[in-house]
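Participant: Whatever this is, show me its structure:
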Amino acid sequence: MASLLLRGLRSAGRRAFSYNSTPSPVVFPLHRWHFSAPSPLRHFSAASVSPVFTADAAAAGSSLDPSRLRNVAVIAHVDHGKTTLMDRLLRQCGADIPHERAMDSISLERERGITIASKVTSITWNDIELNMVDTPGHADFGGEVERVVGMVEGAVLVVDAGEGPLAQTKFVLAKALKYGLRPILLLNKVDRPSVSEETCNEVESLVFDLFANLGATEEQLDFPVLYASAKEGWASLTYTKTPADDNRNMSALLNAIIQHVPSPSANLDAPFQMLVSMMERDFYLGRILTGRVSSGVIHVGDRIHGLRCTSGVEKIDEGKVTKLMKKKGTNVVPIDSAGAGDIISIAGLASPSIGHTVANVEVMTALPTVELDPPTISMTFSVNDSPLAGHDGTHLTGGKIGDRLVAEAETNLAINVIPGASESFEVQGRGELQLGILIENMRREGFELSVSPPRVMYKTENGEKLEPVEEVTIEVNEEHVGLVMEALSHRRGEVVDMGPVPGNVGRTRMSLTCPSRGLVGYRSVFSTDTRGSGFMHRAFLMVSYSLTNLLFFFCLVIFLLPMLIFFLCKDAKFNSFSHFHHLKCLLKSTTSLIPTYINILPVFFIIFNLNHLIFLIDKIQ
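Facilitator: Model (predicted):
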């Protein structure tokens, strides 16, 4: 009832707002970090907090003013238009874009049309510097989203106006709300013929319900809504399909970001500290560490060290800043200094990686790291021992394979590498796509290796066996619904919701929960069943109690109980003093049914035949 009341008040406010073409300015207070709290939630104070400037900050220049910064992440489900939106924002702010999907710098990203790694860049609008973070949309690369939400103070939640919120929308929104971000909702692709104002209102209600179900606060529930077509390059505060020529741009979204996203809280007096959120390697500069400056000011030539927090704070490296860099548009620009709240890249240290703290040499306190969801599947990588070994690649030994996997684990926290026996390595990740991308990258780099089939990772807590469960969203034609539901029922899939797709006649959307082990290898089966016309999206949901042992025992009981009754009924001479005396008395009362049961028993065995039993046992293992 409260949710309906809030939604009604929100709709009334939205209608009242639409009649006023000049919205009143809204003052959003700056926020502070509370590292002593166990939760990484950010708290917004009731009054604005002015940034603290010192002589050091004044000497560095006015560019260190944190009130002129906005740190924003663009989050969405896969194919809802994040990267295209980033292209339009870059063009709007005067950046030189050599090609479409300018933020996708990895070759596999451009070939497959997906975003694999998070990237950060900065643009300038109305003298305000916007640090924009482009994130992946696939569930397999969810770790890229988790590690960058700590760098920003706001987020643009992009939702396809025709599809509505899907599985990965819920995942990325939950991470944003967990860190106290107040997202801006952008309904994209409103230029499609199937999208109407009623459709947008329905999608907005679904997103509002999703906010409420994820435990959003009252401030987070009061999110602004914009309508856009990233393909055509415009955004609007009100619903329209054909904006005026003067409004066919991204000014509305850029102004909304400046107005609704708070500036980073900054203490330029404190010593320099930065949590490393991204890392890359350069042949000349070594490790390039990227992150958000939490406090202080950093200059080229300053002495810094790396800190790691395990059981205690451990110093892992010390050196001086050889180069400070910042990405602006599609170019990397060297800078002389940077202050708290800015997102920069540092070169000069050889050991720190993602999750470590880079700080002034006087600081011995590590910043809290981001907790990532656990991996769900694993594969074994080993040396290629086939007869054709050495014909395609140049890196053949287990040592080189191990070094490459360790380097990957340093730059991608969602991957774990565990050394095994006989030059083999267990690689744990989020999904088949993530590990497949790793294998393809290694193949292109000249590695030869053999890999095992993917295995689901179980977890044991309090003596109970737990397994990962995923939320699956499927969109298929109506004639394929039966095949898909039958295939997923054999894989322990449970339908949560099912209904027609708004605006698409003859299409059905289903939401299911299914164990990860049931989805291994299912994508090819799904493509065959739907003749390539279906869409399937997966997202990690939770770890749940595994019913493997219980189902195995149930199958044995189902198979053995009819056999036991059959042999008991077949023996006509019961001894009154036998152990089956009570069973004999029970059967005497149903004597007329015994011959009938014996006659239909072969039919019973046909229904529960050995093939079905073997199939069930194979599926639950």
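
Participant: in stretch 210-225, what counts as buried?
Facilitator: For stretch 210-225, burial by neighbour count (16 or more other CB atoms under 10 Å) applies to L210, F211, A216, Q220, D222, F223, P224, V225. C-beta here means a position set from N, CA and C on the backbone, and glycine is covered the same way.

Participant: per-residue confidence averaged over it?
Facilitator: For stretch 210-225, mean pLDDT rounds to 88.

Participant: So for that stretch, first residue to last residue, what's the gap.
Facilitator: 15 Å (CA to CA, to the nearest Å).

Participant: Please compute how far it lies from its chain's middle.
Facilitator: Computed by CA atoms, centre = their mean, to the nearest Å, the chain-centroid distance of stretch 210-225 equals 19 Å.

Participant: cool, stretch 282-289 as well?
Facilitator: The mean C-alpha position of stretch 282-289 is separated from the chain mean by 28 Å, CA atoms, centre = their mean.

Participant: Contacts for that stretch, please.
Facilitator: Stretch 282-289 has contacts (CB atoms under 8 Å, 6 or more residues apart in numbering) with 274, 276, 278-281, 322-323, 325, 345-353, 358.

Participant: buried ones in that stretch?
Facilitator: Those would be R287, I288, L289, for stretch 282-289 by 16+ other CB under 10 Å.

Participant: Hmm, N255 and Q92 touching each other?
Facilitator: No. At 11.2 Å, Q92 does not count as touching N255 under the criterion of CB atoms under 8 Å.

Participant: With only the CA atoms kept, save stretch 103-110 in CSV.
Facilitator: Included here for stretch 103-110 are C-alpha records, laid out as CSV according to Å, rounded to 0.1, in the frame of the first residue of the first chain:
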residue,chain,number,x,y,z
MET,A,103,35.3,3.5,-25.4
ASP,A,104,35.7,-0.1,-26.6
SER,A,105,39.4,-0.1,-27.0
ILE,A,106,39.9,-3.9,-26.8
SER,A,107,39.9,-5.7,-30.2
LEU,A,108,37.5,-8.4,-28.9
GLU,A,109,35.1,-5.7,-27.8
ARG,A,110,34.8,-4.2,-31.2
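
Participant: Can you pull out the low-pLDDT segments for the chain?
Facilitator: Within the chain, the ranges that satisfy pLDDT under 70 run 1-63, 98-100, 102, 104-105, 503, 545-621.

Participant: the domain parsing of it - what is it?
Facilitator: 42-51+63-260, 273-360, 377-455, 459-545, 548-620 (automatic domain parsing).

Participant: can you put those in a markdown table and add distance to P368?
Facilitator: What follows is these, written out as a markdown table (distance: least, CB to CB, whole Å):
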| stretch | distance to P368 |
| --- | --- |
| domain 42-51+63-260 | 9 |
| domain 273-360 | 8 |
| domain 377-455 | 14 |
| domain 459-545 | 22 |
| domain 548-620 | 37 |
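
Participant: Please name the residues that touch K315.
Facilitator: Neighbours of K315 in contact, by CB under 8 Å, 6+ apart: H305, G306, L307, M364.

Participant: Pull the residues that contact the helix or strand harbouring V496.
Facilitator: For V496, the element it lies in under DSSP states H and E is strand 494-500. For strand 494-500, contacts defined as CB under 8 Å, 6+ apart pick out M485, R507, T508, R509, M510, S511, L512, T513, C514.

Participant: chain center to it, what's the gap?
Facilitator: 22 Å.

Participant: Could you please name the strands it pairs with and the direction of each pair?
Facilitator: strand 507-515 (antiparallel) (DSSP bridges).

Participant: Who are the packing partners of the helix or strand just after the strand it pairs with?
Facilitator: Remark: after strand 507-515, the chain's next helix or strand is helix 516-519, criterion DSSP H and E. Other helices and strands packing on helix 516-519, by 3 or more CB pairs under 8 Å, 6 or more residues apart in numbering; DSSP states H and E, are strand 464-477.

Participant: S295 and S265 touch, don't they?
Facilitator: No. With contact defined as CB under 8 Å, S295 does not reach S265; the gap is 9.6 Å.

Participant: tell me the SS of R91?
Facilitator: Per DSSP: H, G, I helix; E, B strand; the rest coil, the local secondary structure of R91 is helix.

Participant: Skipping adjacent residues, who's closest to it in space?
Facilitator: I97 (6.0 Å; CB to CB, 6 or more residues apart in numbering).

Participant: From R88, how far off is the one you found?
Facilitator: 10 Å (CB to CB, to the nearest Å).

Participant: hang on, the residue nearest to R91 in a strand?
Facilitator: No. With three-state DSSP as the criterion, I97 is coil rather than part of a strand.

Participant: That one: how many residues sit nearby?
Facilitator: 15 (other CB atoms under 10 Å).

Participant: Can you report phi and psi for the spatially most central residue of the chain?
Facilitator: With distances taken as CA atoms, centre = their mean, the residue of the chain nearest its centroid is G142 (2.6 Å). G142 adopts backbone torsions of phi -60, psi -30, taken as degrees, to the nearest 10.

Participant: What residues does it make contact with?
Facilitator: P136, Q168, F171, V172, D373, A414, R430, A539, F540.
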